[in-house]
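**Student:** model this:
(chains A and B)
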Amino acid sequence: MTDKERYKAMFCNPNWDYQTLEAADKVISRIGEEYLKLKTYPNQIEIVTSEQMLDAYALTGLPTSYPHWKFGKDFVLNQNNYTKGRMGLSYELVINSNPCISYNMENNSTCMMLLVIAHACQGHNAFFANNYMFLDWTSADSIVDYMAFAREFILKCEEEYGEEEVERVLDAAHALMHHGIDKYKKPSKISAKEENERLKKLTHVKRENYNEIWKTLPTATALPESPASEEYKFPLEPEENILYFIEKHAPLLPDWKREIIRIVRKVSQYFYPQGATKVMNEGFATFTHYHIINKLFDEGYVNDGFMLEFLKSHSGVLYQPEYNSKFYSGLNPYTLGFNIFMDIKRICQEPTEEDKQWFPDLIGKDWLQQVHYVMENFRDDSFILQYLSPKVIRDMKLFTIVDNELEDEYEIGAIHNERGYRKVREQLSNQYERSQLVPNIQVTKVELHKTSKLYLTHYIQKDRRLEAASAKDTLEHIRYLWGFPVELQSKNKLGINESTYEMK
Amino acid sequence: MSHIIDRRKNDKGKSTGNRQKFLKRVENQIKRAIPDIIGKESIKDSKSGGSVKVPVRGLDEPHFRHDPKTGKKQIVKPGNDRFNEGDRVPKPKEGGGSGGRKGSNDPAVTEDEFTVVLSREEFLKYFFDDLALPNMVKKLMDSTESYLMRRAGYTRDSVPSRLNIKSSYQQSLGRQLALKGVFDKKLQLLEGKLAGTRKKAEKEALQLEIEKVRRQANTIPFFEDIDLRYNNFERVPVPVTSAVMFCIMDVSASMGQHEKDIAKRFFTLLYIFLTRQYKNVELVFIRHHTEAKEVDEEEFFNSRESGGTVVAPSLKLMDKIMRERYDDSWNIYCCQASDGDVWSKQDALECKSLVLETILPNIQYMAYIEINDKSRESDLWKAYNRISNDEDFSTRHVYEPYEIWPVFQGLFRKRGEAAAA
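**Tutor:** This is a model prediction of the structure:
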């Protein structure tokens, strides 16, 4: 019996064992590397039970994380939904780390296992390892170590300062999680070991510079305020990373609290690329598993029965209910991403007249190279803006609805016709911009020398105002961290203040 | 090279710590819900249900977000089947702007109906916490023992009815084999001698001998007394596993919802207490106004009846049920709750003698709780108080929920100390 026959027998048996997985991984890795030219991190495939999957869900896949009630809440919520049958668990969960850890459900059939290995361990893995967002904003090498460090640190803090106080800081920092990212500056990379060393050095410097004599200094007798400081504006430029600003500049924050804020900020930053590349990431992984499994079939590793099961799951993943279906819950990122990637391939291979007009750069190029280029250099909004083709718009029958709060009716803005393509494309791209979800709020001023009051400005976009109740609650958290009064102003296009929230 | 790891054997409880933190967070809500749950669920459920659902809300994690109702939004949707550019569609009323966006997967939808499922242990912890309870103290109660005969190997003499045929036969087989071996050896020896001798007289003697041994060998008795084995039994003390709890409650017009609620909590507590002690606890509910009636739990706590109060019939009914259904092997407990109102002094006195003469001799323990604000001493209280000894009959006043546990604890502590002394 040749290897291929042996493998085929294994893959077509619905019951898998360790050897099956090993063989699947071997064959699929080879196809990924030779056929799709994927460069990946090494894989760590973990077989888990549904309960362990729920655990993994709660920590968004991270093998470890600091203790916090939020994760418990997510766990309870998922568990409720799961046991009541309101929610199914996904077949796999994969995290951006090196080695790339993926959790596969134990009750997957052999076909599902192969699909999952192709999808997660090749598709997602390659995406993590090559997309610029992940390369620039995360460090896959150190995230697991870093989370272990974070856990240790928070546990130590809980011991030293009490669980309640630590929880308070974490709650406050979590409220600002979306405002803890440098969208433009690329963050420096730092591993857990370096992180520990950095901390040690910090205390060391402090100890060295400590001198009893400073205690004997008289408290500052009111210095005459220099006129220059009146004009000194701080911060010089508005700061979008509110967490960072508080970490560095909150006047009375003890160091351990600053460190906790830093941890939350780092975690937030780690997850930032995932939010920004959902469509691309899932689209590319689906594109990958589709090609790999078909290649397996072409090379004779699997039989027709296997393919039928595969196609059923594959089309299940790509199911896109229509806008008026009761199952509709937004665009399916798998479908959208997969369709766009498939269309890039089609345009490279069999362009139509229309394609020649819309995508002159793709015509006649090697499809694989183009797919790689796109996968490496874009994120959802730019990906859609550049590569959503009229054909995909037509196939998915995309249309836009204008919902203006001042009017009683929706207006259909554009449909899948000549006049609408560009509009739909632009709108859809906008929809995946971060500013759609996260209001643009920046630190604009600190009243130095007087009240130390912190001023935040919300720049209103498209007349979208803040939800008052949650804004107030969030502001209370900022007040706690900052330690002094905080004010938030919502300003419209003209720079006129529309509403003010204040915490004294 | 990939690593494939089977994690299934690893610990499952990775989220336990975080879940605990979360429970602590909603502790107040859970505690607030507990009276409701006790009110709603039946007494037995609070013990055997295994889990309790507590709805919680307000777990919002605030962050800055857009008010969904504001602004000018453009939304791209799939599957256009009828629209043209510029068409206008009326907004659904109260649709919250974004129409079908709140799909079934939206966590925001389910969060409102968020329920926490507590295990029985967790529930009891909160339940007892609510009553400012220390750890449950099981040892305070005497465990009544009875005896059970248990098999304990075999014995050589006993009555024929306990004869164990299998092991007796084993003994017999062994004995037969052993004896047969001895005779065979003897026979061999004798036959060897016979072959070696030529003297006639000796030959005849040997042949006689051989004949005798052969006969002996063929007539080994099938059973001898020493073969017989009998099943052996031992008397082992075992705690009695069954208890019955009589709940007697006054349902006359003077018992309001508050009084009933207190009574129910007290009954629940006693029930939980008993289930920790006994494997099997049965409940008998007797309610009475001018007459007594055995009812099910649902009716016991919920249906209303009015009228005056005569207590004695309920005790008579209890005595009757006791004699009919529960023999000596049952541990019998009785808990009576009343607001103390009785029709006449005569009734109170009759109760007293009933308790003293027919009930107390047959039961483990009786508790009487009077649910009123102690502003006056009722006739029943006075009558009972004279015979209460805190040994097997205790009387207590309760009026507010927080008083329940101290009273409950007091009832059993006194008893435990008395027994220890």
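
**Student:** Flag every buried residue along stretch B:327-342.
**Tutor:** Judged by neighbour count (16 or more other CB atoms under 10 Å in any protein chain shown), stretch B:327-342 contains these buried residues: B:330-342. In this view, the C-beta of every residue, glycine as well, is placed from N, C-alpha and C.

**Student:** want to throw these into TSV with pLDDT and distance to chain A?
**Tutor:** Listed next are the buried residues of stretch B:327-342 as TSV, based on pLDDT from 0 to 100; distance: CB to the nearest CB, whole Å:
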residue	pLDDT	distance to chain A
B:W330	76	39
B:N331	77	38
B:I332	82	40
B:Y333	82	37
B:C334	86	41
B:C335	86	37
B:Q336	87	41
B:A337	86	37
B:S338	84	42
B:D339	81	42
B:G340	76	46
B:D341	75	47
B:V342	75	50
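
**Student:** need those in a markdown table with secondary structure and distance to A:F287, can you?
**Tutor:** Below are the buried residues of stretch B:327-342 laid out as a markdown table (DSSP: H, G, I helix; E, B strand; the rest coil; distance: CB to CB, whole Å):
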| residue | secondary structure | distance to A:F287 |
| --- | --- | --- |
| B:W330 | coil | 72 |
| B:N331 | strand | 71 |
| B:I332 | strand | 74 |
| B:Y333 | strand | 71 |
| B:C334 | strand | 75 |
| B:C335 | strand | 71 |
| B:Q336 | strand | 76 |
| B:A337 | strand | 72 |
| B:S338 | strand | 77 |
| B:D339 | coil | 76 |
| B:G340 | coil | 80 |
| B:D341 | coil | 81 |
| B:V342 | coil | 85 |
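
**Student:** could you show me where the strands are in the stretch 51-200 of chain B, in order?
**Tutor:** For the stretch 51-200 of chain B, the strands defined by DSSP state E, counting those that start in this stretch occupy B:51-55, B:72-77, B:88-90, B:115-119, B:145-155.

**Student:** wait, does the shortest one contact chain A?
**Tutor:** What it means is strand B:88-90. Yes: under the criterion of CB under 8 Å from any CB of the partner chain, strand B:88-90 makes contact with chain A via B:88-90.

**Student:** what about the residue nearest to A:G305 when sequence neighbours are not counted, distance to A:M105?
**Tutor:** Among residues not flanking A:G305 along the chain, A:C12 sits closest, at 6.6 Å (CB to CB, 6 or more residues apart in numbering or on different chains). Using CB to CB, to the nearest Å, we find A:C12 at a distance of 20 Å from A:M105.

**Student:** and these two? which has more neighbours close in?
**Tutor:** Ranked by neighbour count (other CB atoms under 10 Å in any protein chain shown), A:C12 and A:M105 place A:M105 first, with 19 against 16.

**Student:** Identify the bridge partners of the more buried one.
**Tutor:** On the basis of DSSP bridges, A:M105 is bridged to A:V48.

**Student:** okay, it: pLDDT?
**Tutor:** On pLDDT, A:M105 comes in at 90.

**Student:** so what's it up against?
**Tutor:** Contact analysis of A:M105 by CB atoms under 8 Å, 6 or more residues apart in numbering or on different chains lists A:47-50, A:53, A:89-92.

**Student:** How many residues are close by residue 373?
**Tutor:** Defaulting to chain A. Considering only other CB under 10 Å, A:Y373 is surrounded by 15 other residues.

**Student:** Not quite, go with chain B.
**Tutor:** 9.

**Student:** just A:V371 next, same as before
**Tutor:** Residues near A:V371, counting by other CB under 10 Å, number 21.

**Student:** Help me confirm that it comes into contact with A:F341.
**Tutor:** Yes: assessed by CB atoms under 8 Å, A:V371 is found in contact with A:F341 at 6.1 Å.

**Student:** Report the set of residues contacting both of these two.
**Tutor:** Joint contacts of A:V371 and A:F341 (CB under 8 Å, 6+ apart) are A:284, A:287.

**Student:** about what we covered before: ok, the residue nearest to A:G305 touching A:G300?
**Tutor:** No: between A:C12 and A:G300 there is no contact under CB under 8 Å: 11.2 Å.

**Student:** circling back: which ones are touching the residue nearest to A:G305?
**Tutor:** A:110, A:302-303, A:305-306.

**Student:** Next one: it from chain B, what distance?
**Tutor:** 20 Å (CB to the nearest CB, to the nearest Å).

**Student:** Please apply the same query to A:T83.
**Tutor:** A:T83 is 8 Å from chain B, by CB to the nearest CB.

**Student:** what does A:L331 give?
**Tutor:** 6 Å.

**Student:** Using just helix, strand and coil, how would you label that residue?
**Tutor:** coil (DSSP: H, G, I helix; E, B strand; the rest coil).

**Student:** Which residues are in contact with it?
**Tutor:** Neighbouring residues of A:L331 by CB under 8 Å, 6+ apart: A:320, B:76-78.

**Student:** Which two of the residues you listed have the greatest separation?
**Tutor:** A:Q320 and B:V76 (12.4 Å; CB to CB).

**Student:** So for those two, which sits in the more crowded spot?
**Tutor:** Counted by other CB under 10 Å, A:Q320 and B:V76 do not tie: B:V76 has more neighbours, with 28 against 19.

**Student:** Beta-bridge partners for the more buried one, please?
**Tutor:** On the basis of DSSP bridges, B:V76 is bridged to A:T400.

**Student:** my read: it touches A:F399, true?
**Tutor:** Yes: using CB under 8 Å, B:V76 is in contact with A:F399, at 7.2 Å.

**Student:** shared neighbours of the two, anything?
**Tutor:** The contact sets of B:V76 and A:F399 overlap at A:V424 (CB under 8 Å, 6+ apart).

**Student:** hang on, the earlier thing: could you dump the contacts of A:M105 to CSV with neighbour count and pLDDT?
**Tutor:** Output for these, formatted as CSV (neighbours: other CB atoms under 10 Å in any protein chain shown; pLDDT from 0 to 100):
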residue, neighbour count, pLDDT
A:I47, 19, 93
A:V48, 24, 91
A:T49, 16, 90
A:S50, 16, 88
A:M53, 22, 90
A:L89, 19, 73
A:S90, 14, 79
A:Y91, 20, 82
A:E92, 25, 86
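
**Student:** would you list these in TSV and tack on distance to A:P251?
**Tutor:** What follows is the contacts of A:M105, written out as TSV (distance: CB to CB, whole Å):
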residue	distance to A:P251
A:I47	51
A:V48	46
A:T49	49
A:S50	48
A:M53	44
A:L89	46
A:S90	45
A:Y91	50
A:E92	47
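
**Student:** related to what we said a few turns ago, can I get the contacts of A:L331 in CSV including distance to A:V264 and pLDDT?
**Tutor:** Below are these laid out as CSV (distance: CB to CB, whole Å; pLDDT from 0 to 100):
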residue, distance to A:V264, pLDDT
A:Q320, 35, 92
B:V76, 33, 92
B:K77, 35, 92
B:P78, 36, 93
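
**Student:** Going by distance to A:A172, which of the residues you listed wins?
**Tutor:** Minimum distance to A:A172 across those is 35.6 Å, recorded for B:V76 (CB to CB).

**Student:** If we go by neighbour counts, what in stretch B:266-285 is buried?
**Tutor:** Here stretch B:266-285 shows B:266-275, B:277-278, B:281, B:283-285 as buried, counting by 16+ other CB under 10 Å.

**Student:** Relative to chain A, which of those is nearest.
**Tutor:** B:I272 (25.2 Å; CB to the nearest CB).

**Student:** Compute the inter-axis angle for the helix or strand containing the closest one and strand B:331-338.
**Tutor:** Using DSSP states H and E, B:I272 sits within helix B:257-277. Computed with axes from the mean of the first three to the mean of the last three CA atoms, to 10 degrees, the direction of helix B:257-277 lies at 170 degrees from that of strand B:331-338.

**Student:** Brilliant, that's me finished.
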